[in-house]
Each structure stands twice: as C-alpha cells, then as structure tokens.
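> Let's see this in three dimensions:
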Amino acid sequence: MRAVILDRDGVINEDSAAFIKSPEEWIAIPGSLEAITRLNSAGWRILVASNQSGIGRGLFDMSALNAIHGKMLGELARKGGQIEGIFFCPHSPLDECGCRKPRPGLLVEIGRRFNIDLVGVPCVGDSLRDLQAALAVGAVPLLVRTGKGRASCSQVHELPGVEIFDDLSAVADRLAAAN
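Here you go, the predicted model:
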C-alpha cells in the first residue's frame, strides 16, 4: 500500500496560535483538499497524524474535535477525496506521552493499524516536530511552507533528507508524478 501521512493544522487547514477549537475555525488551506483528491486519484492512501493538545489543555473536547474532523472529511468528500484514518494525540506537552510528536507514537500506531512498513513513507508536516517523528520511524520528512513551515525552514538544516515544498499541492504534484 502506498500511503502518505499528513499533519493537519498548517498542512491541510490554516493553523492558529489560539488552536482550532470549532468547525467554524477550521478553514482549508487553498488547494489542500484538491491536493488530497489528486493523491487519492494517483493511488495514494491518506492518513493524518496530528497533535491536538487543545483537548489536554481543556480548550475543546472530543465532540468538538469530532465535529472539526467531520467538517474536514465532508469538504474533502465534496472534492472527491478521502482520508482513511485520523490519528491524534490529545495530551498537553506536560504529559510527556509517547504519542505527541516529535515522539513517534502516532506514526507507530498508524503503521500497526494499517500494517504499513513506515520506512520510506512520505510524512508531510509544517514543523520540526513533525519531521523528527517521521525520521524516528524511517519515513521521508517533507516540509511545507504553510502554517508554521516558513519559520521551520531555518531549523531543518539540522535534519537529514528533508525536502521543502511551498504547500500540500506541490507535494501532491511531486508524488502523483512519481506514479
């Protein structure tokens, strides 16, 4: 199975320092949903791995997160695309859990659940911690300049093999062409 793992905030949708706490605050980055649809059409399965510490911080609850994801999946379906799995860490940074990126727990769980060898799997993120989690499991770290990506560009020189793209649409163009 060919899979791509995407971070959510800053890759698929606009990010916010105040967190995305409701469906109304979830706004797709222009071209991101179409990019996912193109990847699906090229035979790629899309999985999401996202830190959602707003839950652990008490800023929103599971029903709000489910409603946000419902909006994302609904808008994506109207574009003809789909996401096969959404994995998230609800913990705050103080919890020291194994699933919060940069730790690889979310990615390991994706590999286990979907029976995927993560070595070589493209992982798209907008922050250093997304890329560190990808490298920890042997995945291919891809940085987008959307979200926190522009600020993260100055940090990636520390990491091996990171490719930088303008946005998810540019990633989709590259991966779809590799078919």
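> how distant is stretch 11-26 from the center of its chain?
Averaging C-alpha positions (CA atoms, centre = their mean, to the nearest Å) puts stretch 11-26 13 Å from its chain's average.
> now that stretch: mean pLDDT?
Mean pLDDT, stretch 11-26: 97.
> One more: stretch 144-155?
The model assigns stretch 144-155 a mean pLDDT of 94.
> what about stretch 160-179, distance to the chain center?
With CA atoms, centre = their mean, you get 14 Å for stretch 160-179.
> Name the residues of that stretch that are buried.
Neighbour-count burial for stretch 160-179, with 16 or more other CB atoms under 10 Å as criterion, is recorded at Val162, Phe165, Asp167, Leu168, Ser169, Ala170, Val171, Ala172, Asp173, Leu175, Ala176. Where C-beta positions appear, they are placed from N, C-alpha and C, glycine not excepted.
> who does the longest strand anywhere in the chain pair up with?
In the chain, assigned by DSSP state E, the strand with the most residues is strand 45-51. Next to strand 45-51 in the sheet, as set by DSSP bridges, lie strand 3-6 (parallel), strand 85-89 (parallel).
> Can you give the distance of the following helix or strand past it from its chain's centre?
Note on strand 45-51: by DSSP states H and E, the next helix or strand toward the C-terminus is helix 53-56. Distance of helix 53-56 from its chain centroid, counting by CA atoms, centre = their mean, is 17 Å.
> before we move on, the earlier item: closest one to Glu75 out of the buried residues of stretch 160-179, please.
Closest approach between the buried residues of stretch 160-179 and Glu75, by CB to CB: Leu168, at 14.2 Å.
> ok, then the element right after the worst-scoring helix or strand of the chain on mean pLDDT?
The helix or strand of the chain with the lowest confidence, counting by mean pLDDT, DSSP states H and E, is helix 149-152 at a mean of 94. The helix or strand immediately downstream of helix 149-152 is strand 163-165, counting by DSSP H and E.
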